[in-house]
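S.K.: give the three-dimensional model of this entry:
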Amino acid sequence: MRAEPYFVYMMASAIGGTIYIGVTGRLRQRVWEHKNDVVEGFTRRYGVHRLVWFQAFDDVTAAIHREKQMKEWKRAWKVRLIQETNPNWDDLYPGLGG
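M.R.: Numbering: from 1, shown residues only. Predicted coordinates:
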């Protein structure tokens, strides 16, 4: 059994900018990869480097379900969720520790 959580997370290019939603079991490492354009794709193409929201799950199936659910949401719902906990769209990455 895995002791560490899985995460659904949102990255943004800027305040009110392009939003990316992902799921991972290694949040700090995955966000670092986005920030450093390690992998080609959406986040590199659109400069999405700011971690603005995340939620932890004990079960990978629940995390994947939440990610898929959120990807279907209207943009306004995603923005509202970010602003409820991070109204300034601050980059949460530095607070993840290491």
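
S.K.: so what touches the lowest-mean-pLDDT helix or strand in the chain?
M.R.: Within the chain, no helix or strand scores below helix 42-46, which has a mean of 94 by mean pLDDT, DSSP states H and E. Around helix 42-46, the neighbours that count as contacts under CB atoms under 8 Å, 6 or more residues apart in numbering are Met11, Ser13, Thr18, Tyr20, His34, Asp37, Val48, His49. In this view, the C-beta of every residue, glycine as well, is placed from N, C-alpha and C.

S.K.: show me what counts as buried in it.
M.R.: Thr43 (16 or more other CB atoms under 10 Å).

S.K.: what's the first helix or strand after that helix?
M.R.: strand 50-57 (DSSP states H and E).

S.K.: in its sheet, what does that following strand sit against?
M.R.: strand 6-12 (antiparallel) (DSSP bridges).

S.K.: centre of the chain to the partner strand, how far?
M.R.: Here strand 6-12 is found 2 Å from its chain centre; the criterion is CA atoms, centre = their mean, to the nearest Å.

S.K.: avg pLDDT for it?
M.R.: Taken as a whole, strand 6-12 has an average pLDDT of 98.

S.K.: gap between the residue nearest to Thr18 when sequence neighbours are not counted and Ile21?
M.R.: Spatially, and ignoring its direct neighbours in sequence, Thr18 is nearest to Tyr46 (4.6 Å; CB to CB, 6 or more residues apart in numbering). Tyr46 is 13 Å from Ile21, where distance means CB to CB, to the nearest Å.

S.K.: cool, and Glu33?
M.R.: Glu33 is 15 Å from Ile21, by CB to CB.
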